[in-house]
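[1] Sharing a model prediction with you, sequence too.
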Amino acid sequence: MVDIRIIEVSPRDGLQNEALPVPTAQKLELIRGLVAAGIKEIEVSSFVSPKWIPQLGDIEDLWPMLSEGGLYSALVPNMKGLERAEGLGVERIAVFTAASDAFTLKNINMTVDQSLDIFRLIRAEHKGFMRGYVSTIFECPYAGLIEPKQVRKVVDQLFEIGVDEVSLGDTTGVGVPNEVRDLARELHGLDKQEIVWHFHDTRGTAIANVAAALELGYTAFDSSAAGLGGCPYAKGAGGNLATEDLVYFAHRMGLSSGIDLSALARASLSTLDCLGKLPSAKAQLAMLADE
Ligand code: COA
Ligand code: ZN
């Protein structure tokens with residue numbers, strides 16, 4: 001048993017946002033490296049429209065090549081996506097909506113209610129694990145500030161539909177610990193084990209938000225190796241919380257993660273190289289400099 005559960009999202013949330021396409025073999029190398037570093041849960045791609053997100057259009061090639069040893073998942077936006085996922089025997093899926101209609105309309109061309117209707121149909125068909133994402137938990141780039149109540153409403157609807165966990169996304173990386181606490185207060189009565197926090201580090205506040213959530217008793221976090229990531233439908237949504245920063249912080253706080261930070265710091269290097277980027281996540285840089 002580990003003290004902190006980390007769900008790695010770089011192959012999906014990271015690579016969906018890159019202008020340069022990453023070859024399937026390179027994605028495979030990234031995922032292998034992450035598994036070798038001890039990461040269990042990895043969101044590897046999406047069954048979305050390749051016209052909308054061409055970067056992830058190779059999932060049919062990628063999925064069958066994944067090695068044993070990981071718990072892999074992928075995003076499913078609609079019944080067509082589910083059909084594709086079931087065709088490959090995918091057990092763990094994630095559906096995604098947001099706290100605001102303005103964002104879901106841009107992202108998946110549906111209102112929040114329309115998306116929930118579709119997720120109900122997906123839940124009826126899909127017997128395996130199902131995560132529900134709520135994006136824009138603090139602020140929507142189109143609709144402005146979001147009230148915690150709005151988030152709670154969507155979270156309740158997702159649990160009613162029967163998702164196994166909800167991931168709460170600060171899609172544009174605007175949040176600070178007070179906002180984490182305000183939202184957590186609104187989530188009273190829910191099982192903390194079934195809530196995952198998904199912070200972006202756009203403004204350098206992600207680790208402070210993790211610290212706030214940990215103090216409130218939450219132990220599950222999404223993060224992305226090398227801080228790769230963003231959202232194509234949220235301008236300025238810079239990198240995700242870097243997994244290296246999260247693992248360093250957790251270990252130094254005395255919490256076990258099951259992840260080898262040294263191996264993790266190296267796992268994304270060839271992918272960064274392929275994207276023409278240098279490492280920039282702080283704990284990754286420090287680890288590499290130490291070796
Ligand atoms: N996979 C592949 N193709 C899909 C698809 C899926 N899951 N869903 C729809 N399509 C295809 C349809 O077959 C149709 O193809 P055609 O034009 O060749 O007939 C076309 O896309 C339009 O279908 P429609 O149902 O009208 O979809 P849409 O245009 O309203 O788009 C989504 C809806 C959800 C498919 C699209 O918005 C999407 O993929 N968004 C990506 C969101 C995302 O990944 N964001 C980042 C993560 S937060
Ligand atoms: Zn994200």
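    Happy to help now that I have it. Residues are numbered from 1 along each chain as shown. Ligands and ions are numbered 1, 2, ... in the order given.

[2] rest of the way, CA atoms for contacts and neighbours
    Will do.

[3] can you list the residues of the chain near ligand 1?
    For the chain, the residues in contact with ligand 1 (C-alpha under 6 Å from any ligand atom) are 47-49, 52-53, 77-78, 80-81, 107-109, 231.

[4] ok, of those, which one's closest to Asp222?
    The closest of the residues of the chain next to ligand 1 to Asp222 turns out to be Cys231 (C-alpha to C-alpha; 14.4 Å).

[5] Looking at that closest one now. What's its pLDDT?
    We have a pLDDT of 61 for Cys231.

[6] same check, this time on the one 5 residues further on
    Model confidence at Gly236, expressed as pLDDT, equals 58.

[7] The nearest residue to Ile122 once chain neighbours are set aside: neighbour count?
    Counting by C-alpha to C-alpha, 6 or more residues apart in numbering, the nearest residue to Ile122 once its immediate chain neighbours are dropped is Met79, at 6.4 Å. By other C-alpha atoms under 10 Å, the residues close to Met79 number 14.

[8] thought Met79 was touching Asp117?
    No - judged on C-alpha atoms under 8 Å, Met79 makes no contact with Asp117 at a distance of 11.1 Å.

[9] hang on, Ser223 is in a strand, isn't it?
    Yes - checked against DSSP: H, G, I helix; E, B strand; the rest coil, Ser223 lies within a strand.

[10] give me every residue that touches it.
    When contacts are counted by C-alpha atoms under 8 Å, 6 or more residues apart in numbering, Ser223 touches 6-10, 198-199, 240-243, 246.

[11] Kindly state the pLDDT recorded for it?
    98.

[12] again, but for the one 5 residues further on
    Reading off the per-residue confidence, Leu228 sits at a pLDDT of 94.

[13] Pull the contacting residues for it.
    10, 13-15, 239-240, 242.

[14] quick one: which of the residues you listed is nearest to Gly70?
    Nearest member of these to Gly70, counting by C-alpha to C-alpha, is Ser10, at 14.2 Å.

[15] sorry, back to before: ok, of the contacts of Leu228, which one's closest to Tyr72?
    For the contacts of Leu228, the nearest to Tyr72 is Ser10 (12.2 Å; C-alpha to C-alpha).

[16] Give the burial count for the closest residue to the closest one other than its chain neighbours, as a bare number.
    Setting aside the residues directly before and after it, Ser10 is nearest to Ser224 in space (C-alpha to C-alpha, 6+ apart), at 4.4 Å. Number of residues near Ser224 (other C-alpha under 10 Å) recorded here: 32.

[17] Filter the contacts of Ser223 down to the buried ones and hand me the PyMOL line.
    Here is the PyMOL command that selects the buried residues among the contacts of Ser223 (16 or more other C-alpha atoms under 10 Å):
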select buried, resi 6+7+8+9+10+198+199+240+241+242+243+246
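
[18] between the contacts of Ser223, which is nearest Ile42?
    For the contacts of Ser223, the nearest to Ile42 is Glu8 (4.7 Å; C-alpha to C-alpha).

[19] Now the closest one. Its backbone dihedrals?
    phi -90, psi 130 (degrees, to the nearest 10).

[20] contacting residues around it?
    Per C-alpha under 8 Å, 6+ apart, neighbours of Glu8: 39, 41-43, 222-225, 243.

[21] So which elements touch the helix or strand where Leu272 lies?
    In this structure, Leu272 sits in helix 269-274 according to DSSP states H and E. Counting contacts by 3 or more C-alpha pairs under 8 Å, 6 or more residues apart in numbering; DSSP states H and E, helix 269-274 is packed against helix 24-36.

[22] Tell me the buried residues in the helix it packs on?
    Buried-residue list, helix 24-36, by 16+ other C-alpha under 10 Å: 24, 27-36.

[23] I'd like those written out as a markdown table, with distance to Leu62 and pLDDT added.
    A markdown table is the format used below for those (distance: C-alpha to C-alpha, whole Å; pLDDT from 0 to 100):
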| residue | distance to Leu62 | pLDDT |
| --- | --- | --- |
| Thr24 | 6 | 98 |
| Lys27 | 8 | 98 |
| Leu28 | 7 | 98 |
| Glu29 | 11 | 98 |
| Leu30 | 12 | 98 |
| Ile31 | 10 | 98 |
| Arg32 | 12 | 97 |
| Gly33 | 15 | 98 |
| Leu34 | 15 | 98 |
| Val35 | 15 | 98 |
| Ala36 | 18 | 97 |
